[in-house]
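# predicted model and sequence follow; I will ask about them next.
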Amino acid sequence: MNDQARSMRVAAVQMVSGLALSDNLEQAARGIENAVSGGASLVALPEYFCFMGRRDTDKLPLAETAGNGPVQAFLADQARRHGIWLVGGTLPLRSPDADRVYNTCLVYDPLGRICARYDKIHLFSFQRGQESYDESRAIRPGDEAPRVFDTPFGRTALGICYDLRFPEFFRAQGDVRLMVLPAAFTWTTGSVHWEVLLRARAIENQCYVLASAQGGAHANGRRTWGHSMLIDPWGEILDCLPEGPGVAAGTLDADRLEAVRESLPALRHRVL
């Protein structure tokens, strides 16, 4: 890495997305602007940033064809306008199934070009009393390996929400310096598992973890946990936003990452 890559300012935009696409895009634009005004050169939006409907199937009419559509145009414009790396949360892209979409994360470079795509492969389901979720009703799982992309700071891994519970998913992405996870964790599961799982992924992979979340009470009656955060390779939380729209931000420090890996060379000690 050159000297300019020894540090990098990053930010996770937290949102409370609703039923109107235009309102959600406006909320996202404000969050991105706030992140950039704080010096961020990489910004991540949360899962379902553009829409959270009343029913699972409400997202189907909004599905876009890869490379064309208002949400993709918005993301490309924001990345280009601000000159940032933009991890575009997730949006619905058309799949071969007429009644299911891909839940897709697109990453844009500072020129507004797509540099990575990941279709979520682990689909969340949960049932406890009256609280019930099953993403497979309207989402088709991706069928490709996890994607990594390169930023000035180094190799960066992508995951989406429920992927967080599968450590082998992230380990399969190899030696990375940053993991970015857009999410919409429920209040029920997030209140117990969110922080400990994020810190575990940072500790075991000795890398930074940036998690951008939905956080609050939504118009569809759902409540999400929030707590967007940045975690360092030692597992320390550098910034966290508990609830509501806003930004969690911090600086990636190559010296810190390398010191952690040198003092505790766990990655070199792996046997299996």
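Nice, I can see it.
# when you work out contacts or count neighbours from here on, use the C-alpha atoms and nothing else.
Will do.
# with adjacent residues omitted, what lies nearest to residue 36?
Residue nearest to residue 36 in three dimensions, not counting chain neighbours: residue 82, with 7.2 Å by C-alpha to C-alpha, 6 or more residues apart in numbering.
# what's the distance between that neighbour and residue 67?
Distance of residue 82 to residue 67, computed by C-alpha to C-alpha, to the nearest Å: 20 Å.
# between these two, who's got more neighbours?
Using other C-alpha atoms under 10 Å, the more surrounded residue of residue 82 and residue 67 is residue 82, with 18 against 9.
# for residue 78, identify the helix or strand it belongs to.
Per DSSP states H and E, residue 78 falls inside helix 70-82.
# okay, now the sheet partners of the next helix or strand after that helix, with direction.
Per DSSP H and E, helix 70-82 leads on to strand 85-87 as the next helix or strand towards the C-terminus. Sheet pairing of strand 85-87 (DSSP bridges) gives strand 42-44 (parallel), strand 101-108 (antiparallel).
# so the residue nearest to residue 36 makes contact with residue 37?
No: if you go by C-alpha atoms under 8 Å, residue 82 and residue 37 don't touch, sitting 9.8 Å apart.
# and the worst-scoring helix or strand of the chain on mean pLDDT, what does it pack onto?
The weakest-scoring helix or strand in the chain, judged by mean pLDDT, DSSP states H and E, is strand 131-134 (a mean of 88). Applying 3 or more C-alpha pairs under 8 Å, 6 or more residues apart in numbering; DSSP states H and E, we find strand 131-134 packed against strand 125-128.
# chain center to the strand it packs on: distance?
Strand 125-128 sits 22 Å away from the centroid of its parent chain (C-alpha atoms, centre = their mean, to the nearest Å).
# helices and strands around it, which ones?
Here strand 125-128 touches strand 131-134, going by 3+ C-alpha pairs under 8 Å, 6+ apart.
# and whichever helix or strand comes after the strand it packs on, which strands flank it?
Downstream of strand 131-134, the first helix or strand assigned by DSSP H and E is strand 148-151. In the sheet, strand 148-151 lines up against strand 154-158 (antiparallel) (DSSP bridges).
# pull the residues that contact the partner strand.
Residues outside strand 154-158 that contact it (C-alpha atoms under 8 Å, 6 or more residues apart in numbering): 1, 5, 118, 146-150, 170, 173, 175-181.
# show me where pLDDT drops low in the chain?
Counting by pLDDT under 70, the chain has low-confidence residues at 1-4, 146.
# end to end on stretch 32-52, go ahead and measure it.
Using C-alpha to C-alpha, the end-to-end distance of stretch 32-52 comes to 19 Å.
# show me what counts as buried in it.
Across stretch 32-52, burial judged by 16 or more other C-alpha atoms under 10 Å covers 32-36, 39-52.
# of those, which belong to helices?
Per DSSP state H, helices hold the following members of these: 32-36.
# ok, back up a step: which helices and strands does the helix holding residue 78 pack with?
Counting by 3+ C-alpha pairs under 8 Å, 6+ apart, helix 70-82 packs on helix 21-37, strand 85-87, strand 101-108.
# give me the next element, helix or strand, following the shortest one.
Think strand 85-87. As assigned by DSSP H and E, the chain's next helix or strand after strand 85-87 is strand 91-94.
# ok, which stretches of the stretch 101-250 of the chain are strands?
Using DSSP state E, counting those that start in this stretch, the strands of the stretch 101-250 of the chain run over 101-108, 114-119, 125-128, 131-134, 148-151, 154-158, 178-183, 208-213, 228-231, 237-241, 246-253.
# deepest in the core, which of those is it.
Highest mean neighbour count among those (mean count of other C-alpha atoms under 10 Å): strand 208-213, with a mean of 31.
# run through who's touching that one.
Strand 208-213 is contacted from outside by 10-15, 44-47, 89, 177-185, 198-199, 201-202, 225-233, 252, 257, using C-alpha under 8 Å, 6+ apart.
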